[in-house]
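Undergrad: Sequence unavailable; structure follows:
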């Protein structure tokens, strides 16, 4: 007898429905699993056999063939245990097969039949709904996540016996109630606020511009000047995620297995801060079964690279293409997958090895040429892709000892949201463009129309700083964001001048 059950395979951040065909014949005595399964899928025979025996049922002792189609897609992981076990029991006459075609199942089995959680429940549920399934049976721990797909019945189970009872009596399980706002997860920023930062008004201004336009930024200054403290507070002034952005962010964290248990939706923008010992594969994604890296986990949020020159050169260089294209493509021999990677890159670094080059009161101890050697650890092409170069100076004593309350993050965020609203209206007709930093060159020409005076300013800066064409585009984008923060319909000379000053690392012989 041939029975079909349905599971799903994750490719990138999307799912593909897998048909699992089980044929129990009257001859032979071995279980064969075909259709490009990996070792974890092949090992399911032992888990399934133990589970069936624990429930007092019998494992077929005849020839059993399990085919997972389409065979060209590699099936990885133990989450296929549930549909395979269910198919074997139905094909051997121990379970009614009448309703199997209407439901998709995923879940890893323990030896006693307990269901373990899976990765990628949200994209699987979305694909199940698109493919017309009535419901999705999965581990109870992942049920709230899948329940974001409100038009699909979600059944969370903790033991395979519940699935068996359901297919014999479809009324035995109650669908999970769609998640409420209490089930949504806000990424904890530990109560950080810009009001806690003394002084540093020009740095706060630069970070406000970065948040308003989605621009990349680098903070360069001596140790103890507050670079890391300021960077960690950038997410507090970013606008809230839209529903579409929240779903995309949740899908990525779900596929990576980073979504907290019993969580439905991530509502706040991610802030990822990998250590400088990270590998290139961990940063951009990869592995034999491609998984999203830190730049994808930072999608719609912030990727903070502290002590930038301490990262391996190879690790930093692999970011150059994703920064431009806002996605990363992981290619393997038989397939390739795309992971979204639209993030704000925020970096911090000391100006030299000792950290006190250009310090107003301390002497730099680096020998001649070492300052430039230290800066050269970060390549010019990568710096070219960073919109704002911000020099951080030590906080004055008067600012440190001041009792005057600084501006709160909520006030800054209101201005950022007002600027983003202007951009949302501007780019309403364009797909996948939501802020100024995402503009392509053709759109930049029509959006950033500048006066003759601004053009003269920019021309002088290009000649004096020897800027590249990419830097030219980024200055225009930043000036447009500054104008949006001011509520100006056109880019004025003051906006252009402020944008130009944020290209400090482009100055010739900066480190000499």
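TA: All right, it came through fine. Given the structure is predicted, the values throughout are model-derived calculations rather than measurements.
Undergrad: any chance you could map the helices in the stretch 401-512 of the chain?
TA: Ranges of helices in the stretch 401-512 of the chain, per DSSP state H, counting those that start in this stretch, are 409-426, 441-447, 452-465, 469-486, 493-501.
Undergrad: Which one, of these, ends up nearest to residue 309?
TA: Nearest to residue 309 among the helices of the stretch 401-512 of the chain is helix 469-486 (20.4 Å), distances taken as C-beta to C-beta. C-beta: built from backbone N, CA, C; applies to glycine.
Undergrad: worst average pLDDT in the helices of the stretch 401-512 of the chain?
TA: With a mean of 85, helix 441-447 has the lowest mean pLDDT of these.
Undergrad: List phi and psi for residue 296.
TA: phi -80, psi -30 (degrees, to the nearest 10).
Undergrad: Check whether the nearest residue to it once chain neighbours are set aside sits in a helix, strand or coil.
TA: With sequence-adjacent residues excluded and distances taken as C-beta to C-beta, 6 or more residues apart in numbering, residue 296 is closest to residue 339, at 4.1 Å. Of the three states, residue 339 takes strand under DSSP: H, G, I helix; E, B strand; the rest coil.
Undergrad: who touches residue 339 in this structure?
TA: Residue 339 sits next to 12, 13, 252, 285, 290, 292, 293, 296, 327, 328, 330 when contact means C-beta atoms under 8 Å, 6 or more residues apart in numbering.
Undergrad: Out of the residues you listed, which comes closest to residue 318?
TA: Using C-beta to C-beta, the contacts of residue 339 come closest to residue 318 at residue 328, 8.5 Å.
Undergrad: in the sheet, who's paired with that closest one?
TA: Note on residue 328: beta-bridge partners residue 339, judged by DSSP bridges.
Undergrad: Is it correct that it is in contact with residue 338?
TA: Yes. Between residue 328 and residue 338 there is a contact under C-beta atoms under 8 Å: 7.2 Å.
Undergrad: For those two, indicate the residue with more neighbours.
TA: A side-by-side neighbour count of residue 328 and residue 338, using other C-beta atoms under 10 Å, places residue 328 first with 24 against 17.
Undergrad: With mean neighbour count added, can I get the helices of the stretch 401-512 of the chain in TSV?
TA: Conversion of the helices of the stretch 401-512 of the chain to TSV gives the following (neighbours: other C-beta atoms under 10 Å):
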stretch	mean neighbour count
helix 409-426	18
helix 441-447	12
helix 452-465	15
helix 469-486	22
helix 493-501	20
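Undergrad: could you dump those helices to TSV with distance to residue 103?
TA: Putting those into TSV (distance: least, C-beta to C-beta, whole Å) gives the following:
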stretch	distance to residue 103
helix 409-426	40
helix 441-447	46
helix 452-465	61
helix 469-486	49
helix 493-501	56
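Undergrad: out of those, which comes closest to residue 246?
TA: For residue 246, the closest of the helices of the stretch 401-512 of the chain is helix 409-426, at 15.7 Å, according to C-beta to C-beta.
Undergrad: Taking helix 469-486 as reference, get the angle to that closest one.
TA: Interaxial angle, helix 409-426 versus helix 469-486 (axes from the mean of the first three to the mean of the last three C-alpha atoms, to 10 degrees): 110 degrees.
Undergrad: Would you mind pulling the contact partners of helix 409-426?
TA: Taking C-beta under 8 Å, 6+ apart as the rule, helix 409-426 contacts 192-195, 204, 208, 211-213, 233, 236-239, 434-436, 447, 481, 484-485, 487.
Undergrad: residues touching the residue most central in space within the chain, list them.
TA: Nearest to the mean C-alpha position of the chain, counting by C-alpha atoms, centre = their mean, stands residue 297 at 2.6 Å. By C-beta under 8 Å, 6+ apart, the residues touching residue 297 are 252, 253, 256, 258, 270, 272.
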